[in-house]
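Novice: Predicted structure and sequence below. I'll ask about it afterward.
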Amino acid sequence: MLNLTGKNALVTGIANNRSIAWGIAQQLHAAGANIGVTYLPDEKGRFESKVGELVEPLNPSLFVPCNVQNEAQVQATFDTVKEKWGKLDILIHCLAFASKDALVGDFSNVSREAFTQALDISAYSLVSLSHAAKPLMTEGGSILTLTYVGGVKVIPNYNTMGIAKAALEMNVRYLAAEMGVHNIRVNGISAGPIRTLASSAVGGILDMIHHVENVAPLRRTVTQKEVGNTAAFLCSDLASGITGQIVYVDAGYEIMGM
Ligand code: NAD
Ligand code: 0WE
């Protein structure tokens, strides 16, 4: 039986009720986990109040600002985890960013700055969060990130984000190899396209979703809830033998050649 009672789970990447991270947080909570939430702080504090309101039903015992480009905020986040929880069991990494001009047109047009930013936020952040989480996962643990098939195959316009996801997926393998001796498992979910804040800002996302609905074996896209259920499984003892893997939650789209 899926049971996360007694487990402390830190969830990053909730922006609104469409976020994949929100789907994951709800399913972890439903399975009995104690939830902590980080949010991306902005000057006006809008994210703080919006995300704070949204997650209230999950009774988060921890709610902290964490911009992953800010090393001091990352360290402060895990200092708070240590102080309030003592130990950490589950870390959900569910964030990505590339500037608009890194997501359209000719891939080779990308600037060094835009390329570096995308890889820093979307890939390096898994390394820094995992490094900070490691000493707190004293009873073993599970680290989970979100990726996309555009890191393995060419998807029009995904461009620099594809390179970031390729790096992210290799991070999963190297981190899994390092942390296995501490019974810390590291995995990724490769989700099919879902309408979220990040994906809706992308031109042509609806066409892409229709393409998946026509081609995927299940003839549909997936939901935040389906990704959340797989996340809960991978973070539970039911998945105790799984580490270093990328699990596709994509209605089967990835297997198709045409
Ligand atoms: P989303 O916009 O809801 O989530 C993206 C999150 O990244 C936001 O909460 C944002 O605050 C956070 N973020 C951006 N820069 C940050 C920074 N510097 N520090 C901390 N947080 C930062 O969109 P989403 O689609 O739910 O994306 C979540 C994850 O799922 C991403 O890794 C994305 O690549 C992945 N994914 C999305 C889809 C999709 O179609 N929506 C498919 C596969 C994988
Ligand atoms: O990983 C993603 C989205 C990541 C993302 C989206 C944005 C849009 C707004 C990262 N950074 C930004 N920056 C912005 O300014 N997905 C898997 C969703 C997605 O994005 C695409 C897709 C799909 C699917 C971009 C191009 C093509 C397909």
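Specialist: That came through, no problem. Ligands and ions are numbered 1, 2, ... in the order given.

Novice: can you list contacts of stretch 101-111?
Specialist: A114, F115, Q117, A118, N157, Y158, N159, T160, M161, V202, G203 (C-beta atoms under 8 Å, 6 or more residues apart in numbering). C-beta here means a position set from N, CA and C on the backbone, and glycine is covered the same way.

Novice: just checking, which of those residues belong to helices?
Specialist: Under the assignment DSSP state H, these contribute A114, F115, Q117, A118, N159, T160, M161 to helices.

Novice: Quick check: the farthest pair among these?
Specialist: Q117 and N159 (13.3 Å; C-beta to C-beta).

Novice: Of those two, which one has the most company?
Specialist: Between Q117 and N159, N159 has the larger neighbour count (other C-beta atoms under 10 Å), namely 25 against 18.

Novice: Tally up the residues packed near the nearest residue to that one once chain neighbours are set aside, please.
Specialist: Spatial nearest neighbour of N159, chain neighbours left out: F107 (4.5 Å); criterion: C-beta to C-beta, 6 or more residues apart in numbering. Other residues lying near F107 total 17 when counted by other C-beta under 10 Å.

Novice: Against ligand 1, how distant is F107?
Specialist: 17 Å (C-beta to the nearest ligand atom, to the nearest Å).

Novice: before we move on, the earlier item: what would the ones in helices among the contacts of stretch 101-111 look like in JSON lines with distance to ligand 1?
Specialist: Formatted as JSON lines, those follow (distance: C-beta to the nearest ligand atom, whole Å):
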{"residue": "A114", "distance to ligand 1": "14"}
{"residue": "F115", "distance to ligand 1": "16"}
{"residue": "Q117", "distance to ligand 1": "9"}
{"residue": "A118", "distance to ligand 1": "10"}
{"residue": "N159", "distance to ligand 1": "13"}
{"residue": "T160", "distance to ligand 1": "12"}
{"residue": "M161", "distance to ligand 1": "7"}
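
Novice: Out of those residues, which comes closest to G52?
Specialist: Relative to G52, and with distances defined as C-beta to C-beta, the nearest of these is Q117, at 26.8 Å.

Novice: from memory the closest one sits against A98, does it?
Specialist: Yes. Between Q117 and A98 there is a contact under C-beta atoms under 8 Å: 7.2 Å.

Novice: Can you give the strand pairings for the helix or strand containing G141, parallel or anti for each?
Specialist: Under the criterion of DSSP states H and E, G141 resides in strand 141-147. Paired neighbours of strand 141-147 in the sheet (DSSP bridges): strand 90-93 (parallel), strand 184-191 (parallel).

Novice: Pick the most deeply packed of those.
Specialist: Highest mean neighbour count of the strands paired with strand 141-147: strand 90-93, a mean of 28 (counted as mean count of other C-beta atoms under 10 Å).

Novice: And the contacts of that one?
Specialist: 4, 7-13, 21, 24-25, 28, 33, 125-126, 129-130, 133, 141-146, 231, 235.

Novice: about what we covered before: and the strands paired with strand 141-147 as TSV, adding distance to C66 and mean pLDDT?
Specialist: Below are the strands paired with strand 141-147 laid out as TSV (distance: least, C-beta to C-beta, whole Å; pLDDT from 0 to 100):
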stretch	distance to C66	mean pLDDT
strand 90-93	11	99
strand 184-191	19	99
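
Novice: for the ones you listed, which one sits closest to ligand 1?
Specialist: strand 184-191 (3.7 Å; C-beta to the nearest ligand atom).

Novice: how about stretch 190-209, does it reach ligand 1?
Specialist: Yes. Counting by C-beta under 6 Å from any ligand atom, ligand 1 has neighbours in stretch 190-209: A191, P193, I194, T196, L197, A198, S199.

Novice: The second one and Q224, how far apart?
Specialist: This means P193. Distance of P193 to Q224, given as C-beta to C-beta, to the nearest Å: 12 Å.

Novice: Would you check that G23 makes contact with T230?
Specialist: No. Taking contacts as C-beta under 8 Å, G23 lies outside contact range of T230: 10.1 Å.

Novice: out of everything not next to it in sequence, what's closest to L129?
Specialist: L129 sits nearest to H93 (C-beta to C-beta, 6+ apart), 5.9 Å away.
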